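Undergrad: how would this look folded up:
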Amino acid sequence: MNRIAETYATINIADLSLIDFSQIEETDENTIRKSLDGTQFVIKWNTEPSFITDGTIVPLQVMNHAQAVTLMQTSEWNAKIEDGFVNEPAEIE
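TA: Predicted coordinates:
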């Protein structure tokens, strides 16, 4: 079943090694969306991961789907190039 995740969060890239990918929608560090400067990444979930509830990771920002889509359209996450956009996702799910 393909459904839209309820919650998204931006995380500091320094916390990447603390992510338990079994608790989020992304499968590994190759499937996360990174900011263009490489300092942040986005994760998404339907059930809040324990690494957030226990304070191991403190998100920089927590968003709903619409807010995440808006963020991905900013110049920090998406840069216009001749044939489209750098970092352009097919669709945020």
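
Undergrad: low-scoring stretches of the chain, by residue?
TA: 1-5, 81-93 (pLDDT under 70).

Undergrad: just the strands in it please.
TA: Using DSSP state E, the strands of the chain run over 7-12, 33-34, 40-45, 61-63, 79-81, 84-86.

Undergrad: Buried residues in the first one, which are they?
TA: Residues 7, 8, 9, 10, 11 are the ones in strand 7-12 that count as buried (16 or more other Cβ atoms under 10 Å). C-betas here are computed from N, CA, C, even on glycine.

Undergrad: Adding distance to residue 21 as columns, could you present the residues you listed in a markdown table?
TA: Formatted as a markdown table, the buried residues of strand 7-12 follow (distance: Cβ to Cβ, whole Å):
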| residue | distance to residue 21 |
| --- | --- |
| 7 | 16 |
| 8 | 15 |
| 9 | 14 |
| 10 | 17 |
| 11 | 12 |
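
Undergrad: Mind naming the longest helix for the chain?
TA: helix 65-72 (DSSP state H).

Undergrad: tell me what that helix is packed against?
TA: Applying 3 or more Cβ pairs under 8 Å, 6 or more residues apart in numbering; DSSP states H and E, one finds that helix 65-72 contacts strand 7-12, strand 40-45.

Undergrad: The first one: how far from the chain's middle?
TA: Averaging C-alpha coordinates over strand 7-12 and over its chain gives two centres that are 5 Å apart (Cα atoms, centre = their mean, to the nearest Å).

Undergrad: Residues contacting that strand, please?
TA: Outside strand 7-12, the residues that touch it by Cβ atoms under 8 Å, 6 or more residues apart in numbering are 19, 35, 39-46, 48, 52, 57, 59-65, 67-68, 71.
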